[in-house]
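Asker: Make a model of this:
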Amino acid sequence: MKSRPGKKVSESRITIAQLMQPEHANNLGNVHGGWIMKLVDEAGALACMRHAQSRVVTVAVDQMIFRQPIRIGDLVTLSAEVSYVGRTSLEAEVQVIAENPVTQENKHTNTAYVVYVAMDELGKSVIVPPLIPETEEQRIRMEQGRKRQEYRLRQRYKE
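Answerer: Predicted structure coming up:
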């Protein structure tokens, strides 16, 4: 397979927002972590689809720590962009911010790294474009992503 031209990190950037409703929460008014994980997966997948210009499937979610509770009535905004690419895999960094829309108080609730594999319409993995960092921060994050992927692969082959 031939290589594809590189794409800038900013070309993958996606932002989604959703108002948290009672059906998203437990009886204490805290939004279920699983609901946030679903949104994180969707945001990460969208960023990776933009980069790969193909479908993607989730293969790994790195540690997800909820630093702050998200409450009914909060506006949750998820910002995602591709942070690292391999040959057929992509890692997305997803930032989660909860905002009280009345007071406009924002709180960073978590950051997650989610890994996907790009697939064609027959379910076969496809080569993804190289990632072009645009800032020093993105270059560092890309190197950190390479190290995270090496760790994931070592763990995978230990089993």
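
Asker: So the residue nearest the centre of the chain: helix, strand or coil?
Answerer: Against the mean C-alpha coordinate of the chain, by Cα atoms, centre = their mean, the closest residue is residue 44 at 3.0 Å. Three-state assignment for residue 44 (DSSP: H, G, I helix; E, B strand; the rest coil): helix.

Asker: Return the residues in contact with it.
Answerer: Applying Cβ atoms under 8 Å, 6 or more residues apart in numbering, we find residue 44 in contact with 58, 80, 92, 94, 112, 114, 116. No exception for glycine: its C-beta is placed from N, CA and C like everyone else's.

Asker: Compute the distance between it and residue 89, please.
Answerer: Taking Cβ to Cβ, to the nearest Å as the criterion, residue 44 is separated from residue 89 by 12 Å.

Asker: joint contacts of those two?
Answerer: Residues touching both residue 44 and residue 89 (Cβ under 8 Å, 6+ apart) are residue 116.

Asker: ok, back up a step: return the member of the contacts of residue 44 nearest to residue 141.
Answerer: Proximity of the contacts of residue 44 to residue 141 (Cβ to Cβ) peaks at residue 92, which lies at 11.2 Å.

Asker: mind checking the SS state of the closest one?
Answerer: At residue 92, secondary structure determined by three-state DSSP is strand.

Asker: Next, count neighbours for it.
Answerer: Residues contacting residue 92 under the criterion other Cβ atoms under 10 Å number 30.

Asker: pLDDT score assigned to it?
Answerer: Residue 92 carries a pLDDT score of 98 in this model.

Asker: for the protein, what's the longest helix?
Answerer: Residue-count comparison of every helix in the chain, with assignments taken from DSSP state H, identifies helix 136-158 as the longest.
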